[in-house]
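got a predicted structure plus its sequence, pasted below:
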Amino acid sequence: MYESNVDKIVVMGEDPEKLAFKFKDKKVIIVYPRNKRPTAEALLHKNFVRVFSDYTHYPEMESLEIIKDTLLYLLNSSYITSRDRVLVLFSKQGEEHRLFFDLSMLKLPTLMDNLSDRLDKRIVERMVKLCINIVKKGREGSPAGALFIVGDTRNVKRYLLQKIANPMEGIEPERRDVMRDENLDTIREFAIMDGATIVDDKGIVVSCGSYVKNLEIDEWLLDGKGGRHLAAQSITRFTKAIGFVVSSEGVIRIYRDGKLIYELKNF
C-alpha cells in the first residue's frame with residue numbers, strides 16, 4: 001500500500017532481484033549480499049541501481065541494525081536523501097518483510113552534515129568510496145588497513161614524521177587528486193603501506209607513509225589497528241582535520257575532534 005507514496009525502494013535479502021522485479025516501473029536500489037552478483041536481466045534494467053554489500057545474513061524483525069546500517073550507507077553515499085520516503089523490502093527464509101521510513105521525520109544525521117563546515121561534500125563522498133575500495137580489494141587478496149588524514153594540512157604537518165621517502169613528492173597535483181577515478185588504484189596502493197596518507201581540503205594527496213605524533217603520550221604512532229585509531233583520535237583532537245580509518249577487519253571509522261562520529265560495516 002506504500003508503493004504510490006514512496007520516493008525510493010530498497011530491496012535486500014537472499015534473492016533481492018526477485019523482489020526488485022516486482023517493481024519494474026519504479027526506481028529500485030538492489031543491495032546484493034556477499035558473493036551474489038547481478039543477472040544479465042538486472043544489469044540491463046534502466047530503473048535498477050546496484051549496491052554490493054558484505055552481508056551474509058539478514059535482519060530479524062526484532063533487530064533492525066542491518067537496516068539502519070544500510071540506510072546510513074545509502075544516505076551518506078547519496079543514493080537516497082534525507083527528504084526521501086523509502087520502502088525497504090527484505091526476504092529471509094522465504095518470508096518477505098516491508099518497512100516504510102520517512103527520512104525527513106527520522107532526521108538521520110548524515111556524514112556530510114557532520115563535516116560540512118570542514119570538508120566539501122564531494123571530498124567526503126570520495127574518501128568514503130576510497131575506503132570502501134580498500135576494504136573490497138585489500139592487499140593481494142588479503143585484508144588491508146589504512147589511515148587518511150584530510151584537511152587542515154598546515155596544522156597537521158606540525159605533528160607528522162616522514163620516516164620514508166614520500167612517494168607523492170614531485171608528482172603533479174592532477175595525478176594525486178582523489179576526485180579523479182583514474183588515480184584511485186595508485187592512491188589505494190600507497191595508502192595501505194605503513195603510516196598515514198595526508199590529503200588536503202581540495203582532495204590532493206600531500207604525502208603517504210607519514211607517522212603521527214600521539215599528542216597525549218608523546219610517542220610516534222606506527223601502523224596496526226590500534227595505532228591507526230589512536231592516531232586519528234589524536235590528530236583530529238588537536239587540529240581541524242578529519243580522520244578516515246580502515247581497519248584490517250574491514251570496518252571504516254571516521255573521527256572528528258578526537259571523537260568517533262561514524263562507523264560503516266559490511267559494505
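Ah, there it is.

the chain: helices as residue ranges?
Chain-ordered helices for the chain, with DSSP state H as the definition, fall at 16-20, 40-44, 65-76, 103-106, 111-115, 121-137, 153-156, 184-191, 225-238.

what lies in contact with the first one?
Residues from elsewhere that reach helix 16-20 (Cβ atoms under 8 Å, 6 or more residues apart in numbering): 9, 11, 13, 28, 30-33, 36, 38-39, 41-42, 48, 89-91, 96. Any C-beta I mention is one placed from the backbone N, CA and C, and that applies to glycine too.

what residues sit buried inside it?
Buried residues in helix 16-20, counting neighbours by 16 or more other Cβ atoms under 10 Å, are found at 16-17, 19-20.

export the residues you listed to JSON lines and append columns for pLDDT and distance to residue 165.
Written out in JSON lines, the entries for the buried residues of helix 16-20 read as follows (pLDDT from 0 to 100; distance: Cβ to Cβ, whole Å):
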{"residue": "16", "pLDDT": "91", "distance to residue 165": "47"}
{"residue": "17", "pLDDT": "92", "distance to residue 165": "49"}
{"residue": "19", "pLDDT": "91", "distance to residue 165": "52"}
{"residue": "20", "pLDDT": "93", "distance to residue 165": "50"}
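
ok, those residues vs residue 157, which is closest?
Minimum distance to residue 157 across the buried residues of helix 16-20 is 46.0 Å, recorded for residue 16 (Cβ to Cβ).

out of the contacts of helix 16-20, which end up buried?
With neighbours counted using 16+ other Cβ under 10 Å, the contacts of helix 16-20 contain these buried positions: 9, 11, 13, 28, 30-33, 36, 38, 42, 48, 89-91.

what bits of the stretch 101-250 of the chain have low per-residue confidence?
Under the criterion of pLDDT under 70, the regions of the stretch 101-250 of the chain flagged as low confidence span 107-109, 139-141, 214-226.
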